[in-house]
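[1] Got a predicted structure here, sequence first:
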Amino acid sequence: MTSYINHFRPIYEFRAAVFWLAACVLLPISGMPYAWAFMLVGLSFLLVRSLQIWSALKFRMAISTKWLTTLQVPRLLQVQKRMREEANSMYLAIGYEWTQKHCQIAHDILRMPTTDIPGLPRWLNKTKTGRRIEEAIEGIFAPKDSIRDVMPQGSSWIHGMEPKKALVPFHYKAMGGHTLVGGTTGAGKTRTYEVISTQVIHLGDVLIIVDPKNDAEWKRRVEKECARSGRKFLYFNQAKPSESIRLNPIENWSQPSEIPSRIAQLMGEGPFRDFAFLFIDRAVKGELYIGDKPTLRSILKYAQSGITTLLEKSLRRFFVEQGLSDWEEQVATETTRQGARNNGAGPIDAMIALYTARFAAHERGHEAIDGLIATHVHDREHYMRIIASALPLLQMLATGETGLMLAPKADDFDDEREIWDIDKIIKQKAVLYMGLDSLSNNIVQKAIASMILSDVAAVCGSIYNFYDSPPEVVLIIDEIAEAINEQVIQILNKGRGAGFKAFVAFQARADLEARLGNAAKMLQVLGNLNNQIILRLEDSDTAQWFSDKVGETAIRNMTITGSTSTGSEAHIGEFTGGVSRSLQLEKAPLIPTGLIHKLPNLQYFMRISGAAVYQGRIPILQG
C-alpha cells in the first residue's frame, strides 16, 4: 500500500517522550540490576522521540508564522557570483522546488477548516507571559535574516510547508524566453524587479526600465547600484524636466515609413489614421530628401502650416541635381503666364508645372516630391479635417518642455541636459530608467512610452540584422498594459536573437486584453512569455491560466468511514460496528488557484518553461 503521512495529526510522540523521560529519571533510583543499561536504552528512545517532536514543532511554527527576508546588497552580489559560476543562473530569493509532496500538503490544508490548521496554542497570545513564550519560540525557529510579517495578506503555511529551503535559481538561458511578472497591487512586483535589476547592473548588461508608476524606491536603488558599480545612470521623466535627460524617440529607424508608423499607431483605428500616416510619411520623406532630420517638432510644423515650404526646397534641390541651370528663368516665365491665366498663381505652382512637364511626365521625377505635390494639391479643407486627428497628439509631444525633451535641439547650448537615444544607450552600456507620470498625465505618458519602445524595437531589429555578437540587453516594463504596442510584441517574438531579455508585469490578463482590443492579441503576447513569476493575484481568470500552465499531478485522498448498528430485539449491550479507511489517487492541479489567491506579500510561484516550478520569498534589499 502506498504510504500516506498525516502532517496535521496530534503530536502523539509527546506522550512517549514524557514516558521515556520519567523512565530515565526513575531507573537510577529504582535499585534495579543493570539500571544503567536500561537507562541508555531509555535515553535513546527519548532522543528519537525528542527529534520527532522538534520536527513537528518546527513544521507547525513554519506554517503558522509569516516571515520577511532581508538581504544586504553585498551579500546578494556574493550569492549571485557563486550562482553564476556554478549554474549560470541569477538569484531569485529563498525557496524550494514545488513538487507533488507540497501539492499533497496544500490540498490537505485546503480541505480542512482554517481553525483546524495546527499551530502554536492560541492561549500564548492572550497573556503577557504567553506572548513572551511565543516570542522565545519564534526566536528559536525564525529563519536567518528574517523579520515577522505582520501584514494580514496571505496564508503563512504556503512557504512554511518545506523545511529544507535553498536558493532559487533563474537560469540566464531561460531568460531569453522572456518573463511575465504577475501580481496584484502591493504583492511585490517592484521589489522583485529591484532584486533582478540590481543583479543585471552588476553583471554589466544594458538595462532599460519603463516604469509607469515612477516608483521612487526602485529608482533610488537603480541609481545607487549604478554608482556602486561605476555604470552610467540615465533618468528620463517628463514630469521632472530639470532632473531628466533628453531622449529622441525617432532617432533610430531602418525605413523612413517607421517614423509615421510610430505616430499613427498612437491614434485609433480607422481611415483617419491611414490618411494621417500618408501625409506624415510624405513630409518625412521630403525632409530626408532635402537633408533635414525629421523630429516631432518639424512634423508638427508641416502638419499645421502645410508642406509648401518643404515642397519648394525639394524642387529647388531637384532642379539643381538635374542640371537645370536656367530653372529660375523658366519658373519666372511660367509664373507670369499662370498669373495672367489663373488670377495670381504663385511661384510654387510654376515650379510644380515645370517639374511635371520636364520630369514627372517622362517618369524622371522623385517619389518624395511626387508625394509632396499630391499633398499640396489636395483639398485644403479635407486635408485639415484628416490631419486634425493627429494634431492633438503631435501638439502634446512636440511643444513646451515635453517637445524640448523628445525633440532636442543639438545647437541649443543653453540647455545642458544630455541628449541620448536607444542605440547610443546600448552601445555605451548605460542604464536607462524611464519614470512615467501615468497617474496625473496618462494619455501623454502612454504616448511617450509607446514611442520609446518603438525606438527600442527598431534598434533590436538592427542588432538582429547586422550584429555578429549582439549585446545583452534586459528590458523591464512595469504595467505592460500602459505601454504595449506592435513593436513590443515584435520584441517579445523575435528579440531573443538580438540578445534581448524582457520582463513585463501586469495585474490581470484583462488589462492586456482591454489594451490590445481582443483576446487573440493577448494570447499572442502571453505565448511569448515563456517564464512566469506569479505573486498574489486577485483575478481568478489569470490565476486559472497560470494553474493550467503548471499542469496537474496525482494526490492521495484518505477516506475514513465508521458505522455502528444494533438489532431491535438485541440486548442493550449488543451492537456491531466497523471503521474502514480507503486511500485513493485523484488528479489535482499542481498549484491550485486558491494558493495563488492566498500568497503573502513578496511570495511567488515561478514556472520556467519546460522546467521546474518553484515557490519562493523575495528579499527586501538593504544597504
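    On my side now, so go ahead.
[2] Tally up the residues packed near the spatially closest residue to residue 319 that is not a sequence neighbour, please.
    Nearest residue to residue 319, sequence neighbours excluded (CB to CB, 6 or more residues apart in numbering): residue 327, at 4.0 Å. All C-beta spots, glycine's among them, are computed from the backbone N, C-alpha and C. Look at residue 327: counted by other CB atoms under 10 Å, it has 19 neighbours.
[3] give the contact list for the residue nearest to residue 248 when sequence neighbours are not counted.
    Using CB to CB, 6+ apart and skipping residues adjacent in sequence, the residue nearest residue 248 is residue 421, 4.9 Å away. By CB atoms under 8 Å, 6 or more residues apart in numbering, residue 421 lies in contact with 247, 248, 249, 251, 252, 455.
[4] Counting only strands, which of those make the cut?
    Those of the contacts of residue 421 mapping onto strands are residue 247, per DSSP state E.
[5] Can you give me every residue that contacts the residue nearest to residue 211 when sequence neighbours are not counted?
    Among residues not flanking residue 211 along the chain, residue 478 sits closest, at 4.9 Å (CB to CB, 6+ apart). Neighbouring residues of residue 478 by CB under 8 Å, 6+ apart: 189, 190, 193, 209, 210, 211, 212, 213, 215, 505.
[6] Going by neighbour count, which of these are buried?
    Neighbour counting by 16 or more other CB atoms under 10 Å classes 189, 190, 193, 209, 210, 211, 212, 213, 215, 505 among those as buried.
[7] Pretty sure the fourth one sits in a strand.
    This points to residue 209. Yes. Counting by DSSP: H, G, I helix; E, B strand; the rest coil, residue 209 is located in a strand.
[8] Thought residue 434 was touching it, still the case?
    Yes. Between residue 209 and residue 434 there is a contact under CB atoms under 8 Å: 6.3 Å.
[9] Contact partners for residue 17?
    46, 49, 50, 53.
[10] That one: helix or strand, and which one exactly?
    helix 13-30 (DSSP states H and E).
[11] mind listing what's buried in that helix?
    Residues 13, 16, 17, 20, 21, 23, 24, 27 are the ones in helix 13-30 that count as buried (16+ other CB under 10 Å).
[12] Double-check the fourth one against residue 42; I have them as touching.
    Yes. In terms of CB under 8 Å, residue 20 counts as a neighbour of residue 42; the distance is 5.0 Å.
[13] Buried residues of the host helix or strand of residue 381, list them for me.
    Assigned by DSSP H and E, residue 381 belongs to helix 380-387. Buried residues in helix 380-387, counted by 16+ other CB under 10 Å: 383, 386, 387.
[14] helix/strand/coil for residue 417?
    Residue 417 ends up coil, using three-state DSSP.
[15] What sits closest to it if chain neighbours are left out?
    Counting by CB to CB, 6+ apart, the residue nearest residue 417 is residue 246, at 5.1 Å.
[16] Quick check: beta-bridge partners of that neighbour?
    Here residue 246 sits in beta bridges with residue 419, going by DSSP bridges.
[17] Look up how far residue 427 lies from it.
    Note on residue 246: its distance to residue 427, by CB to CB, to the nearest Å, is 17 Å.
[18] Looking at those two, which one has more neighbours?
    Of the pair residue 246 and residue 427, residue 246 is the one with more neighbours under other CB under 10 Å, namely 20 against 12.
[19] Let me see the contact set for that one.
    By CB under 8 Å, 6+ apart, the residues touching residue 246 are 404, 405, 406, 408, 415, 417, 418, 419, 420.
[20] pLDDT score for it?
    Looking at residue 246, its pLDDT stands at 94.
[21] cool, and the one 3 residues further on?
    For residue 249, the pLDDT comes out at 91.
[22] circling back to that earlier point, in strands, which of the buried ones among the contacts of residue 478 appear?
    Within the buried ones among the contacts of residue 478, residues falling in strands by DSSP E are 209, 210, 211, 505.
[23] hang on, the earlier thing: sort out which one of the buried ones among the contacts of residue 478 lies nearest residue 75 for me.
    residue 193 (19.1 Å; CB to CB).
[24] okay but that closest one is in contact with residue 179, surely?
    No. Residue 193 is beyond contact range of residue 179, at 10.7 Å (criterion: CB under 8 Å).
[25] what sits in contact with each of the two?
    In contact with both residue 193 and residue 179: residue 503, using CB under 8 Å, 6+ apart.
[26] So which residues of the stretch 151-300 of the chain form strands?
    In chain order, the stretch 151-300 of the chain shows strands spanning 166-171, 179-182, 206-211, 233-236, 246-247, with DSSP state E, counting those that start in this stretch as the criterion.
[27] Out of those, which is closest to residue 561?
    Between the strands of the stretch 151-300 of the chain, strand 166-171 lies closest to residue 561; by CB to CB that is 40.8 Å.
[28] hmm, who's touching the closest one?
    Strand 166-171 has contacts (CB under 8 Å, 6+ apart) with 79, 83, 87-96, 531, 606, 608, 611, 614, 616.
[29] Can I get that strand as PDB, trimmed to CA atoms?
    Only the C-alpha atoms of strand 166-171 are listed here, as PDB (Å, rounded to 0.1, in the frame of the first residue of the first chain):
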ATOM      1  CA  ALA A 166      17.600  26.700  -0.800                       C
ATOM      2  CA  LEU A 167      18.500  29.400  -3.300                       C
ATOM      3  CA  VAL A 168      16.000  29.700  -6.100                       C
ATOM      4  CA  PRO A 169      17.900  29.800  -9.500                       C
ATOM      5  CA  PHE A 170      16.800  31.600 -12.600                       C
ATOM      6  CA  HIS A 171      19.000  30.400 -15.400                       C
END
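[30] Within its sheet, name the partner strands of that strand and how each one runs.
    By DSSP bridges, strand 166-171 pairs with strand 89-97 (antiparallel).
[31] Many thanks, we can stop here.
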